[in-house]
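Engineer: Sequence first, predicted model second:
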Amino acid sequence: DERVHWFMQGFAGAEIEPSLAPQEGDVIVWRQRHLPSSELLNILNAHSVTKATVVGLRASYSVQATCQALCDEGLSVCVVRECVQDDVPERLKATLDHILPIYAEEVVGW
C-alpha cells in the first residue's frame with residue numbers, strides 16, 4: 001500500500017533500530033488482528049506485570065486497542081505521546097487528547 005506502508009519490507013524506516021533490536025531471551029509477540037492476542041496477556045500475567053508502557057503506530061487502531069485490552073486486564077497503562085503515530089494527523093491528536101486518556105493513567109510527553 002503506497003499510502004500506508006509502515007514496517008513493510010523494502011520501504012525506508014521498516015528496519016529495526018539496532019539499539020532497540022530484540023536481545024536474547026526477549027519475548028516477541030506478533031499482533032495480526034485488531035486486539036492483542038491472548039498470548040501477550042498470558043505472558044504479562046505470567047510475569048506479574050502490573051504496569052505497561054504502550055507506543056506504536058496507528059494510534060486510533062492498534063495503540064487504542066492495546067491500551068483498552070491492558071486496562072481491561074487491570075494493568076496500569078502509560079502512553080508516550082511522541083512515540084505514537086497515525087496516518088491522519090487530526091485523528092492522532094484526537095486519539096491522544098481524548099480517547100487514550102480513557103484507558104491510560106498517563107499520556108506523557110518526552
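Structural biologist: It's in.
Engineer: where do the strands sit along the protein?
Structural biologist: Applying DSSP state E to the chain gives strands spanning 51-56, 76-84, 106-108.
Engineer: Could you export these as CSV, including mean pLDDT, distance to residue 10 and mean neighbour count?
Structural biologist: Heads up, the C-betas are built off the backbone N, CA and C, glycines and all. As requested, the strands of the chain are exported to CSV (pLDDT from 0 to 100; distance: least, Cβ to Cβ, whole Å; neighbours: other Cβ atoms under 10 Å):
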stretch, mean pLDDT, distance to residue 10, mean neighbour count
strand 51-56, 90, 21, 16
strand 76-84, 92, 24, 17
strand 106-108, 84, 33, 16
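Engineer: Dump the ones you listed to CSV, plus distance to residue 12.
Structural biologist: What follows is the strands of the chain, written out as CSV (distance: least, Cβ to Cβ, whole Å):
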stretch, distance to residue 12
strand 51-56, 18
strand 76-84, 19
strand 106-108, 28
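Engineer: wait, which of those strands is closest to residue 42?
Structural biologist: strand 51-56 (13.9 Å; Cβ to Cβ).
Engineer: Residues contacting the closest one, please?
Structural biologist: 44, 62-63, 66-67, 70, 75-80, 83-85, 104 (Cβ atoms under 8 Å, 6 or more residues apart in numbering).
Engineer: In this structure residue 80 contacts residue 108, no?
Structural biologist: Yes. Contact criterion Cβ atoms under 8 Å: residue 80 and residue 108 qualify, at 5.9 Å.
Engineer: Any stretches of the chain with poor pLDDT?
Structural biologist: Scanning the chain for pLDDT under 70 picks out 1-9, 13-14, 32, 110.
Engineer: mind listing the helices for it?
Structural biologist: 38-46, 64-72, 89-94, 100-103 (DSSP state H).
Engineer: any chance of those helices in a markdown table, plus mean neighbour count?
Structural biologist: Below are those laid out as a markdown table (neighbours: other Cβ atoms under 10 Å):
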| stretch | mean neighbour count |
| --- | --- |
| helix 38-46 | 14 |
| helix 64-72 | 20 |
| helix 89-94 | 13 |
| helix 100-103 | 17 |
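Engineer: that older thread, which among the contacts of strand 51-56 gets closest to residue 16?
Structural biologist: residue 83 (14.5 Å).
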